[in-house]
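Asker: mind looking at a prediction? Sequence and model below.
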Amino acid sequence: MNANKSASRPTLKSDLARVDGHVLNDDDNDALPELTDAMLARAKVNKGGRPCSSNPRQLISLRLPADVIERWRATGAGWQTRMAERLSQI
């Protein structure tokens with residue numbers, strides 16, 4: 001085990017017993033606005049993430065000689081993209 005890391009799990013640093021013990025009164029719901037059909041019509045679902053690509057990449061397994069991979073890696077960051085562009089020209 002790493003000497004810098006604690007053996008105990010991290011805590012949420014909140015008083016969960018107090019949160020669980022909270023009881024809602026009828027008056028608490030009065031402060032909330034009523035949902036109308038107009039409000040629900042304006043709502044939109046945000047899925048997040050990247051937009052779908054028109055030309056998605058496909059995962060394959062390819063074995064190449066080690067010297068070929070090293071030559072491409074030596075060209076710097078983005079070598080995989082450059083390799084894909086070069087292969088698409090064939």
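Answerer: Here it is on my side, so go on.
Asker: ok now the helix or strand bottoming out on mean pLDDT in the chain, how far from the chain's centre?
Answerer: None of the helices or strands of the chain scores lower by mean pLDDT, DSSP states H and E than helix 26-30, at a mean of 77. In terms of Cα atoms, centre = their mean, to the nearest Å, the centre of helix 26-30 is set 36 Å apart from its chain centre.
Asker: and the longest helix along the chain, what does it pack against?
Answerer: Ranked by residue count under DSSP state H, the longest helix found in the chain is helix 79-88. Packing partners of helix 79-88 (3 or more Cβ pairs under 8 Å, 6 or more residues apart in numbering; DSSP states H and E): helix 66-73. C-beta coordinates here come from the backbone N, C-alpha and C atoms, glycine included.
Asker: could the C-alpha coordinates of the helix it packs on be exported in CSV?
Answerer: The C-alpha trace of helix 66-73 is given here as CSV (Å, rounded to 0.1, in the frame of the first residue of the first chain):
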residue,chain,number,x,y,z
ALA,A,66,7.2,-3.0,-33.6
ASP,A,67,9.5,-0.9,-35.7
VAL,A,68,6.5,0.5,-37.7
ILE,A,69,4.7,1.5,-34.5
GLU,A,70,7.8,3.1,-33.1
ARG,A,71,8.4,5.2,-36.3
TRP,A,72,4.8,6.4,-36.1
ARG,A,73,5.0,7.2,-32.4
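Asker: against which helices or strands is that helix packed?
Answerer: helix 79-88.
Asker: for the helix it packs on, buried residues please.
Answerer: residue 83 (16 or more other Cβ atoms under 10 Å).
Asker: residues in contact with residue 30?
Answerer: Neighbour list for residue 30: empty [criterion: Cβ atoms under 8 Å, 6 or more residues apart in numbering].
Asker: now it: how far from residue 65?
Answerer: Per Cβ to Cβ, to the nearest Å, residue 30 is found 73 Å from residue 65.
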